[in-house]
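K.L.:
Predicted model and sequence below, questions to follow.
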Amino acid sequence: MAKKAKRHGRPTGSKNKKPIGKSVATMDISQLRAHIANLQGVLAKKVNAQRAYFESQLVQLGGYVSKKVTAAAKAVTPNARAGKRAKPKYQSKKTSR
């Protein structure tokens, strides 16, 4: 069986990347803050899109309720155990009065 020739040099397509622009290390503070805000906006959009997609998938599977809905339901219905605390097993004589 013949050996394949080793490929030397840059892989194909590696030159086709978009340049980021200025290096983050050489940016002014105002430019850096704008860049960070832009990145946060892009990431927030992506996260919200993914969350909506996965929530729709879970709803289709059935039995899934969003956290927003459960939080609203918990706010309306009071907790039965609220205010009840377990008595400590071992108390010092000073605090047991």
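P.N.:
Right, received. Where do you want to start?

K.L.:
mind checking pLDDT for residue 43?
P.N.:
Residue 43 carries a pLDDT value of 97.

K.L.:
what's the burial count for it?
P.N.:
Counted by other Cβ atoms under 10 Å, the residues lying close to residue 43 total 10. (Glycine included, C-beta is placed from N, CA and C.)

K.L.:
Kindly report the same for residue 27.
P.N.:
By other Cβ under 10 Å, 15 other residues sit near residue 27.

K.L.:
out of everything not next to it in sequence, what's closest to it?
P.N.:
Of all residues not flanking residue 27 in the chain, residue 35 sits nearest, at 6.7 Å (Cβ to Cβ, 6 or more residues apart in numbering).

K.L.:
and the one you found, what element?
P.N.:
helix 29-61 (DSSP states H and E).

K.L.:
related to what we said a few turns ago, burial of the residue nearest to residue 27, as a residue count?
P.N.:
By other Cβ under 10 Å, the residues close to residue 35 number 15.

K.L.:
How about residue 31?
P.N.:
For residue 31, the neighbour count with other Cβ under 10 Å is 13.

K.L.:
And it, how close does it get to residue 87?
P.N.:
Distance of residue 31 to residue 87, computed by Cβ to Cβ, to the nearest Å: 60 Å.

K.L.:
what do you get for residue 7?
P.N.:
74 Å.

K.L.:
neighbour-wise, which of those two wins?
P.N.:
A count of neighbours by other Cβ under 10 Å puts residue 7 above the other of residue 7 and residue 87, at 8 against 5.
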